[in-house]
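> Below are the sequence and a predicted model; questions follow.
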There are 2 protein chains.
Amino acid sequence: MEILKTKSLMQEWARAKKKNSKTISFVPTMGYLHQGHISLLEKGKPLCDELVLSIFVNPSQFGPNEDLDAYPTDMENDLRLAEAAGVTAVFLPQKQDIYPQDYQTRISLDSLPHHLCGKCRPVHFGGVATVVTKLFNIVMPDVAIFGKKDYQQFQIIRRMTLDLDFDIEILGGEIVREPDGLAMSSRNAYLTADQRESALSLSRSVRKAAQAVARGEKNPGVIQTEITAFIQSFPQTSIDYISFCDPATLEPVKIIDKQILVALAVRVGKTRLIDNLLIDPPR
Amino acid sequence: MEILKTKSLMQEWARAKKKNSKTISFVPTMGYLHQGHISLLEKGKPLCDELVLSIFVNPSQFGPNEDLDAYPTDMENDLRLAEAAGVTAVFLPQKQDIYPQDYQTRISLDSLPHHLCGKCRPVHFGGVATVVTKLFNIVMPDVAIFGKKDYQQFQIIRRMTLDLDFDIEILGGEIVREPDGLAMSSRNAYLTADQRESALSLSRSVRKAAQAVARGEKNPGVIQTEITAFIQSFPQTSIDYISFCDPATLEPVKIIDKQILVALAVRVGKTRLIDNLLIDPPR
C-alpha cells in the first residue's frame, strides 16, 4: 500500500497506472474510518485493478461554527483498516496543497444543495462538489464510491459528475448500521452514553416512516407529526429537518404515491446526526 | 479527420486514444475560424499525437443582450481549414447534448472574472469556465491552447485548470493581426468599411501605450487620458474600458514599474472589440 502525501505524487501515481491501462476505484473520505467506509472499499475493490482511499478533512465544506477543528482522527487505525481492505494507495494531502493561497475556483449546483442539509449548512455542498472535482482530477478514477448515508451528497456528486462530463462511474454504498440500528458515522464518537441512546431516535424514525407507508399512509404530514413527537420524546434531541422528498431532485413530495426518500437531521447534544431511507409505497 | 457530433462519441474517441497511449492537443473555439485560430492549431499540432478542434457557440457565456443568435458561422470553411491544419478530430456538439434539461452545475472564480470584460459581461466567464471544464472532461487533452487576445479568458482558464487540478498543460497563442494591426476576431465580420477604419483605434491604442511606457511614462492615468481622446477621435467608437493591470491578477496598477497588461474593449457601432498588449517598462 503506497502512501502519497502530495497531489503531484498522487497524480503521478495515477497517471502511471492509467498509462499501464490499470483501472482505479476511489473512495474519498475524511478519515476516522468505520465499517461504513470499509463497505465502500469492499465494494470498490473487485471493480478495478487499483483501490485508492483519500483521507482529507476538507475545510471548505465546514461552516464557521461547525466541527472542523474537532473532527475526530486516528490515522494509525485508518491505515491499518485501509491495508486490510486491500487499498493500494492512500492519498493524504495537506490543506495548503489542496487550497494554495491564491486559490479561487468553486463549483456550485443550482438546486440540489438547497434542500435538506443545505438549508442549515449553506456552504457545505459547494465545498464538497469542489473538493471532489479536484480529487477526481488528481486520482483519475474509473469508479468512485460514496456512502448513501449522505444521500444528498451522493445525489449532488452524481449530478455534478454527469453535468461536468467526468468519465467516472459513481456508485452508492448502502448505509451500514450498528446492531441496534444507529447509522455508522465518525461523529458518533462525540456521543455520551445517554446521547448514544437518544441517537437511536433517527434510525427508529425512518423505520417508523417505512411502517406507516407500508400500512397505507400517503400523507407525509401525518408521518412527520408522528416522527417529530417520537424524536422529541428522547432527551437532548433537537430536530434540524425531517423531509419526505423525491429521491432524485430532493424536492418535498405532497403525497406518497411512488418511491420517496425520508431523510432527517437531528442534533443530539451538540452532535448533528443524519439518517435516511428509500421507501416504496405498497403495490 | 473524424467529425464527432455527440459528447459520448467524442469521449469514446478520446478514451480509445488514451488507452493507446496517444496524447491529445485541444483547441476549443466557437467556429468561424480565422488565422488566429489556425495559429493555435499550428501550435498544438506538433505537441501531441492527436489534434482536436471543438466548435461550439456556448450559450452560457452570452448575456441576454449579446450576439448569441447572430454569431457568425461557416461550417464548411471551418472544416476545410481544420483539415488543412492537421486536425484529427472535430467535436461539433449540440446545445442540448452539452446542457440537458436538468443541467445545474456551474464553475465560478472569486476574483479574476470581476475585472476587465467581466464588468460589462457578468455571466460571461462563469459560462466559459464551465464549458471548458466540460470540454476538458469530454476531450481529455494533454495540452489545450487558448488565444491571448482573450487575455482574461486565458488567465481564468489557467487559474481554473490549476485550481481544479486538471492534468492538462494550458498554452497561450499570441494575437494574430491583420497587416494594418487589427486583431483577428470572428466579430470583425460585423464591421462596415467605415467601422473597420475605426476598429484600428484599438491596436493603435495599445501601441501608443507601449510607446508611452518606452519613453518613461509611469503613470497609467496619463496614458489612459491620451488613449481615451485618441479612440474618441474615431467615428462610432464607445469605450467600455481601458485597463492597465497586473498580467496575472488583472488588478489595476497605479504605477508602471514592472510588466503590465494594457487591455481595452471598445464598441465600434454595435460590435464590441477587444485588444491587449503586455508591456515592459524600460530598464
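Alright, I've got the coordinates. Keep in mind that this is a model prediction, so the values were computed, not measured. Numbering: from 1, shown residues only, chains lettered A, B, ... in the order given.
> residue of the stretch 151-283 of chain A with the smallest distance to chain B?
residue A:163 (3.6 Å; Cβ to the nearest Cβ). Every C-beta, even on glycine, is put in place using the N, C-alpha and C of the backbone.
> Go ahead and confirm residue A:63 touches residue A:121.
Yes. Under the criterion of Cβ atoms under 8 Å, residue A:63 makes contact with residue A:121 at 5.9 Å.
> where do the helices sit along the stretch 101-250 of chain A?
Assigned by DSSP state H, counting those that start in this stretch, the helices in the stretch 101-250 of chain A fall at A:124-139, A:151-163, A:193-214, A:220-232.
> Show me the contact partners of the last one.
What that stands for is helix A:220-232. A:201-202, A:204-205, A:208-209, A:212-213, A:217, A:237, A:239, A:242, A:244, A:252-256, A:260, A:262, A:264, A:266 (Cβ atoms under 8 Å, 6 or more residues apart in numbering or on different chains).
> relative to helix A:193-214, how tilted is it?
Angle, helix A:220-232 to helix A:193-214, by axes from the mean of the first three to the mean of the last three Cα atoms, to 10 degrees: 160 degrees.
> CA-only coordinates of helix A:220-232 in PDB, if you can.
Output of helix A:220-232 as PDB, limited to C-alpha atoms (Å, rounded to 0.1, in the frame of the first residue of the first chain):
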ATOM      1  CA  PRO A 220     -46.200  12.800   4.600                       C
ATOM      2  CA  GLY A 221     -47.500  15.400   7.100                       C
ATOM      3  CA  VAL A 222     -49.200  12.700   9.200                       C
ATOM      4  CA  ILE A 223     -46.000  10.700   9.400                       C
ATOM      5  CA  GLN A 224     -43.900  13.800  10.100                       C
ATOM      6  CA  THR A 225     -46.100  14.700  13.000                       C
ATOM      7  CA  GLU A 226     -45.700  11.200  14.400                       C
ATOM      8  CA  ILE A 227     -41.900  11.200  14.000                       C
ATOM      9  CA  THR A 228     -41.500  14.600  15.400                       C
ATOM     10  CA  ALA A 229     -43.200  13.700  18.600                       C
ATOM     11  CA  PHE A 230     -41.300  10.500  18.700                       C
ATOM     12  CA  ILE A 231     -37.900  12.200  18.400                       C
ATOM     13  CA  GLN A 232     -38.800  14.800  20.900                       C
END
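> Now find how far off-centre that helix is within its chain.
Helix A:220-232 has its C-alpha centroid displaced from the chain centroid by 25 Å (Cα atoms, centre = their mean, to the nearest Å).
> which parts of it are buried?
A:220, A:223-224, A:227, A:231 (16 or more other Cβ atoms under 10 Å in any protein chain shown).
> Might one say that the residue of the stretch 151-283 of chain A closest to chain B is in contact with residue B:103?
Yes. In this structure, residue A:163 is within contact of residue B:103 by Cβ under 8 Å, at 5.5 Å.
> Of those two, give the one with the bigger neighbour count.
residue A:163 (23 against 17; other Cβ atoms under 10 Å in any protein chain shown).
> contacting residues for the more buried one?
A:109, B:103-105, B:134.
> Now restrict those to buried residues only.
Using 16+ other Cβ under 10 Å, the buried ones in the contacts of residue A:163 are A:109, B:103-105, B:134.
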